[in-house]
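1. task: produce atomic coordinates for the following.
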Amino acid sequence: MALSAARNTPRRGSSLHSVSVYVKDGYTIYEGSIVCLDGVDGYAVPGRTATGLVAVGVFAPKAGSVLHQGAISEAVADGNTRISCDCGIFDFDNYGSDPVVQASIGATCYIYDDHTVCVTGSGKSAAGKVMFLNGDDSVSVLIGLPGGYVD
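-> Modelled structure (predicted):
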């Protein structure tokens, strides 16, 4: 189920870099969620089961950001709100009905929702590369790096 509040998304190591993206009208993006660019017009949307999305990172507000209960939701026109996303290795929930498994390490995992990844790519967009499986049923994923880290 998609987020309805900010999420403390654990980061492994430091952020590799940040990107700034414009939000698509009609979407709420929560702090700590997977952020994607919509393949149609290139505006930021929360991660979800869909094809054509490009994962750019995890929403990580910077000092001075205006948040409403841990979310950016005031976009009233495409591109009138800009957010910052961190790229690097983050821990996401592992979708129990289609889990990422040990054999998935080094392979691409896919977006189920804005905080959950799965192993099957049919009808979904790539989240990033699986780095680790964690004892708490989360998956450490390298997300948001340009240059071929996701396929």
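2. from the chain's centre, how far out does stretch 107-114 sit?
-> Chain-centre distance of stretch 107-114: 9 Å, with Cα atoms, centre = their mean, to the nearest Å.
3. so residue 103, which state does it fall into?
-> helix (DSSP: H, G, I helix; E, B strand; the rest coil).
4. and it, how far from residue 133?
-> Residue 103 is 10 Å from residue 133, where distance means Cβ to Cβ, to the nearest Å. (C-beta placed from N, C-alpha, C; glycine too.)
5. which of the two has more residues huddled nearby?
-> Comparing residue 103 with residue 133 by other Cβ atoms under 10 Å, the one with more neighbours is residue 133, at 17 against 9.
6. by mean pLDDT, which helix or strand of the protein comes out lowest?
-> strand 71-72 (a mean of 66; mean pLDDT, DSSP states H and E).
7. bridged to the closest residue in space to residue 27 that isn't next to it in sequence, which residues?
-> Among residues not flanking residue 27 along the chain, residue 45 sits closest, at 5.0 Å (Cβ to Cβ, 6 or more residues apart in numbering). Beta-bridge pairing of residue 45 under DSSP bridges involves residue 36.
8. no more questions from me, cheers.
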